[in-house]
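Asker: my questions concern the predicted model and sequence given below.
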Amino acid sequence: MIIEATWMKNMADKLCILFDINVLMDVLQRREPFYETSARLKVDVWS
């Protein structure tokens, strides 16, 4: 299909990561006991 071929061409070199909103909220609100692990994930992805 044309749509699939176009998508594959446009997205082939892009990495997609899905974050649960709870991971982001853990970092923003410093929610324990999840903060440390969530912050480490955020640093690994955004650095």
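Answerer: Nice, thanks for sending it over.
Asker: so where's the protein shaky on pLDDT?
Answerer: 1-16, 47 (pLDDT under 70).
Asker: longest helix anywhere in it?
Answerer: Criterion DSSP state H: the longest helix present in the chain is helix 35-46.
Asker: ok, and the closest non-adjacent residue to residue 45?
Answerer: Residue nearest to residue 45 in three dimensions, not counting chain neighbours: residue 17, with 6.1 Å by C-beta to C-beta, 6 or more residues apart in numbering. Where C-beta positions appear, they are placed from N, C-alpha and C, glycine not excepted.
Asker: in three-state terms, label that neighbour for me.
Answerer: What DSSP: H, G, I helix; E, B strand; the rest coil gives for residue 17 is coil.
Asker: and for it, the neighbour number?
Answerer: 6 (other C-beta atoms under 10 Å).
Asker: same check on residue 23?
Answerer: Count around residue 23 with other C-beta under 10 Å applied: 16.
Asker: what helix or strand is it on?
Answerer: helix 21-29 (DSSP states H and E).
Asker: contacting residues around that helix?
Answerer: The set of residues external to helix 21-29 that reach it, using C-beta atoms under 8 Å, 6 or more residues apart in numbering, is 31, 34-35, 37-39, 41-42.
Asker: so which of those is the most crowded?
Answerer: residue 38 (20 neighbours).
Asker: quick check: which helices or strands does the longest helix of the chain pack against?
Answerer: Using 3 or more C-beta pairs under 8 Å, 6 or more residues apart in numbering; DSSP states H and E, the elements in contact with helix 35-46 are helix 21-29.
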